Each structure stands twice: as structure tokens, then as C-alpha cells.
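1. Predicted model and sequence below, questions to follow.
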Number of protein chains: 2
Amino acid sequence: MKLAVLAGGVGGARLASGFYQTLAPQDLSVVVNTGDDFRHLGLHISPDLDTVTYTLAGLANRDTGWGLAGDSFEALAALERLGGPAWFRLGDRDLATHLQRTLLLSQGLRLTEVTKRVCAALGVKAAVLPMTDDPVATKVVTVEGVLDFQDYFVRRRCEPVVHEIRFDGVEAAAPSPEAADALRESDGIVIAPSNPFLSVEPILALRGVREALASKPVVAVSPIVGGQAIKGPAAKLLRELGHDVSPLGVAKRYAGVIRGLVIDREDEKLADATRALGLEVVVTQTIMRSDQDRASLARDCIELLRRLGA
Amino acid sequence: MKLAVLAGGVGGARLASGFYQTLAPQDLSVVVNTGDDFRHLGLHISPDLDTVTYTLAGLANRDTGWGLAGDSFEALAALERLGGPAWFRLGDRDLATHLQRTLLLSQGLRLTEVTKRVCAALGVKAAVLPMTDDPVATKVVTVEGVLDFQDYFVRRRCEPVVHEIRFDGVEAAAPSPEAADALRESDGIVIAPSNPFLSVEPILALRGVREALASKPVVAVSPIVGGQAIKGPAAKLLRELGHDVSPLGVAKRYAGVIRGLVIDREDEKLADATRALGLEVVVTQTIMRSDQDRASLARDCIELLRRLGA
């Protein structure tokens, strides 16, 4: 079975690594949000791409979810001593990825090509695909005004109440040819337990993506378990934007896109209500603490897709 | 006595630190070559400015002369694993200087202002002044073609035979206001034992610099000792460009600029011939192994300047 996974950062990376353990690498494409990409210190930083790449490479810091295991922070500490900005935590080895990416982009390579080279260097054999090679910038409209994504997410720690989320540039953006091919050629598509608003909807907002998904079995894994997000502001955003903070809220947000939903055992009582929305449902353990958890959840997703004809 | 020192990298930095030990910091300005500045990995790198700043801050790597003592190279090693360029040896903490410089320049600060901030952060109280805020790029015309300075110096290790050295942009470049003030307000000027062709002549080539020096006692310290350069390609360049590889060759190269020359005891036999060129001469130990050597040579320069009326 050829699979495409739509992923943001940490949750997406973890499930992607479950599929990476389960499928032949040539059968796995991970289409990754780039709405969080930004320039910082002159560097092109792609947080979600790096999280997915490092995780598949087995190099990710498993405690934080982002960054490289065992990385040092000498450059950042020195930058802080010089009065430079230290709010974005750049490890020394992580910095090399941003330097190399920025260099290759300046030489005219597409982000997709750059990512392919980084993956090759780090031994990642699945396709890690930026959702687009075009610039898309997630903006968070809050009570404090319109914030750049990283400003909201890192500096303001997701504290300001959100009214709306915009993806600047998305009207002019198209999926990369590689991402479009991956979606078209896949037998099924899995939306990872990433933030629906911040990580998945930028991908869905790209030209032609909803149409490409319409003809496929598509399932999602709920990022909400027991009324809370496993990580990040998904629960807070569901609440602030007027949705149920539950798998049902997630299901409704993905209405018209997904045909199945994977929910956690803790939410088993919501299984029937989810089925009542016309969705196939799998109830399983969705919190991924170990590699085994990741692979197990991946197999559950595949099982659900098979039920849907994939 | 207010002093201005014209300096390149390692030799200039060492003598500057001798003056820094000897003079009140407000009486010392170091006017530093920026012809070696270049962009690398999107970063604005100013090798000579950093060498002088790190040396005055007491942070320089004393073994290599460049870079920071005890710096790590995690980012560079990771960059190399990613297939990135590793020929320019960037330490992790050193990298922070380039990131911060590039950031501040992108915000519209002049290189002089950026350098002042870096010096303040590192506790350097003397004025470290880029020779100019305008772009000047040293190009080395060799048997292998025209090479960028760093390409010649680092990648090709000064091996290609040189026909000519150019300073691209110098016709349109002026000394920074701060460097022009430092030259005008100084009681005497010392040309450090830096490479005449690559480090000092870019400064002399700036508009008005030779004129500013004409009214001052100016002395140089010979970078050639016993027919060899203390460091770098000065001897090789003197030879390839048809000059004596001796303090005499240096004196002739600086004809019309200097009124005195400091030569090493090893070259004592050339003292009379140097005097015959109309120069005041001091014979002393010019090789700077210790802080004491640096301060001692600085005092010898001051003594020579006093003899010339400073």
C-alpha cells in the first residue's frame, strides 16, 4: 500500500516514524506543513520539515520532540552574549541544517530538492516532501493583533486568544510536483495527529489538495485525547475558535475530507457519536511513547484505510 | 599619545594588543582591513575585524591566531555531513559573531556600528574600526586566474603565483567617518606587521588615507624577519611581485608613507641600508610570543614615533 501522510511537527513526525517502521520506504511519502517556515538570522528555517526528517533519521531529541538529540548550544549562548536574539532555540548541529538549506535555496534549488538532499545525507529513505515550494506564511490573528506564527508559538507561548488563522500566500501557492504526485499515487492518506488549524489546514488550503483527497480513502488520527491536546495548542485553539475540544470537534473540522477517524481509548465513549457523523472509527492507543507505540498506531491506521477500500 | 594602528589579522591583532596593554584605551584606535570580508553561507564574515576584536578581548585562540580559544565545531561538522562547505573553519561561538553581524547589517547598521556593539559585548574598550563601511573586495590575480581573497588564502592555501592584487570597489570607498577621525586625531600612526599587499594596502588605497598620513609620524613594523614572513604569504608575495624579501623590500613598498621602520634583531645587518632610505630605524625583538613581547614591541614603536616628533 502506498501511503501519504499529512504532517506538521512532533505528532506528525512520530506517526510518520511508525509508518517508516511498517512500510517499505518507497511506499511512504510525508507531506509536511511549511506554513511555519520563517527567516531568522538570515536563515531559512523549516521547523516541521526538520522535525520529520530528524525523527525519521533517528536523530530527534525524544524529550523535546524538536531539535537533535545531544545537540549543543554554543552558538546560541554566544549570540545571547552578543545581545542577539535567543528566543528561538537553535542547536549547533541543527544550525548546520539551516545554513545548508539557506545556501542551497540561494543557489536556486527548490525547497523540495533541498529537503531531498538533507534526507539523503541523514539516511532517510522515505520521501519527506514540503507541501509546497512556494512561500506560505501562517499568521495568527489574536487579541494582541496579527502575529507571525513563530512569534505566537515560541515567543508568546500560544498565550494570546486567537480569532482566526490565515495562510498568507496560499492563494498563489501550489503543492510541489512531488507532493502532488505523492497524493495522486497514494492508495490512502493519513492525516497525522498534528494541529488541525496550524499544521494540517495549510496543506488542505493549497490549490487542488482537497480535490485530490476527495477520490481517496482519507483517515485522521485525533490529536485530542480526553479533552486535551497531546502537545501544543490544539485544544486551546479548538476552544477559542468555537469547536468541541474532542475527537468530535476534530471530525467536524475535517468534514468532507476524512472518511475515518482514529480515536484514543480514553475517548471510547465518543465512538458512536463519531460514527454518527458518517465516519469509520478505530479506537486504540494513540499516545506514542515508544517506537512500538508508533508502529502500532501506524498499523491501526492502515487497518482503517483497508476497511475504507485502500 | 593618541595612536592609530593600521592592522590586518593575526600580526596586527598581536601588536594592537601590545598597545592595548600600554596605552589608555581611549587613546588607541585600530583601523582594520576589511578587504578580506566576504559572504559565506549567507553570513557577512570579517576575518580581520574578528581577529583583532577577539585578541583585544583576550578570547582569541593563541595557537591558530584566528578564532576563539576553546571553541567547538559542532555546526561545521554537521554542515560537512550534509555536504555543505567546510573549507572555512567556523567555530560554533565564532558563528554567533557572524550571525549577529549579518543580522545587524540587515537592519541597516553600518559595519562600524556593528563592530562597536560586538566590542562592547566582549568588553573591548579601545576603538576597533573597520577601514570603511563601503564594500571593498580584495582579488588576487594569479596564474590560475582572478581569485577571491578567501579562495586564494584558505582554499588554495596561497599556492598560485600572484601577478597582481586588486581591491574591487576601492575607488568608490571612503574611510568610515570614525576611521577618518581616528587618523586625523592621532599623534602617530603605526603600520602593524601585517601583510603589506593584502592587509595594509587596502587601507592605504582608500580615498584620502595617504594624504591623512602625510602630515603624521608614521612607522611600520616589518612583517619580514630573516627573509621569511612570521605568518602568511608576505614573503612569497614580495618575491612573486619582484621585491626584496627583507625589511628593505617592505620599506620600499611603504616609500612615501612611513618615516620609520622597526626591524628584528635578526635583520640588524640591514639597519644601515634601511636608514639609507631616509628612515629612522629601531632594531628590536619583533616576534611576539607572549603578552610581554607584544607590550615591549608596542613601547618600541612609541619610542620610535617620539623620535619622529609624535
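-> Nice, thanks for sending it over.

2. drop to CA atoms for contacts and neighbour counts, all remaining ones
-> OK.

3. the helices in the stretch 1-150 of chain A, which residues?
-> A:10-22, A:47-56, A:74-81, A:92-106, A:111-122, A:149-150 (DSSP state H, counting those that start in this stretch).

4. angle of the first one against helix A:47-56?
-> If you take axes from the mean of the first three to the mean of the last three CA atoms, to 10 degrees, helix A:10-22 sits at 30 degrees to helix A:47-56.

5. can you pull the buried residues of helix A:10-22?
-> A:10-22 (16 or more other CA atoms under 10 Å in any protein chain shown).

6. TSV please, covering these and showing pLDDT and distance to chain B.
-> As requested, the buried residues of helix A:10-22 are arranged in TSV below (pLDDT from 0 to 100; distance: CA to the nearest CA, whole Å):
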residue	pLDDT	distance to chain B
A:Val10	93	22
A:Gly11	93	25
A:Gly12	96	23
A:Ala13	97	20
A:Arg14	97	23
A:Leu15	98	25
A:Ala16	98	22
A:Ser17	98	21
A:Gly18	98	25
A:Phe19	98	25
A:Tyr20	98	22
A:Gln21	98	24
A:Thr22	97	27
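
7. Looking at those residues, which is nearest B:Val128?
-> A:Val10 (45.5 Å; CA to CA).

8. got a pLDDT number for the closest residue in space to the closest one that isn't next to it in sequence?
-> Residue nearest to A:Val10 in three dimensions, not counting chain neighbours: A:Gly65, with 5.5 Å by CA to CA, 6 or more residues apart in numbering or on different chains. At A:Gly65, the model reports a pLDDT of 84.

9. thought A:Gly65 was touching A:Thr51?
-> Yes. At 7.3 Å, A:Gly65 and A:Thr51 qualify as touching, with contact defined as CA atoms under 8 Å.

10. More neighbours: which of those two?
-> Neighbours were counted for A:Gly65 and for A:Thr51 using other CA atoms under 10 Å in any protein chain shown; A:Thr51 has more, 26 against 19.

11. what separates the more buried one from A:Ala192, distance-wise?
-> 14 Å (CA to CA, to the nearest Å).

12. Could you pull up phi and psi at the residue nearest to A:Val10?
-> phi 90, psi -30 (degrees, to the nearest 10).

13. Minimum distance to chain B, which residue of the stretch 201-310 of chain A gives it?
-> A:Asp291 (25.4 Å; CA to the nearest CA).

14. Kindly state the domain boundaries assigned to chain A.
-> Following automatic domain parsing, one finds the domains of chain A at A:3-38+A:47-57+A:111-131+A:171-307, A:137-169.

15. So which of those is the most surrounded?
-> domain A:3-38+A:47-57+A:111-131+A:171-307 (a mean of 21; mean count of other CA atoms under 10 Å in any protein chain shown).

16. what about that domain, distance to the chain center?
-> Taking the mean of its C-alpha atoms, domain A:3-38+A:47-57+A:111-131+A:171-307 sits 7 Å from the chain's own mean (CA atoms, centre = their mean, to the nearest Å).

17. Please, where are all the strands along chain A?
-> A:3-7, A:28-32, A:38-40, A:43-45, A:127-130, A:137-142, A:145-148, A:162-168, A:188-191, A:218-221, A:224-225, A:228-229, A:260-264, A:280-284 (DSSP state E).

18. weakest of the ones you listed by average pLDDT?
-> Mean pLDDT is lowest for strand A:228-229 out of those, coming in at a mean of 92.

19. Since that was my last question, I'll sign off now.
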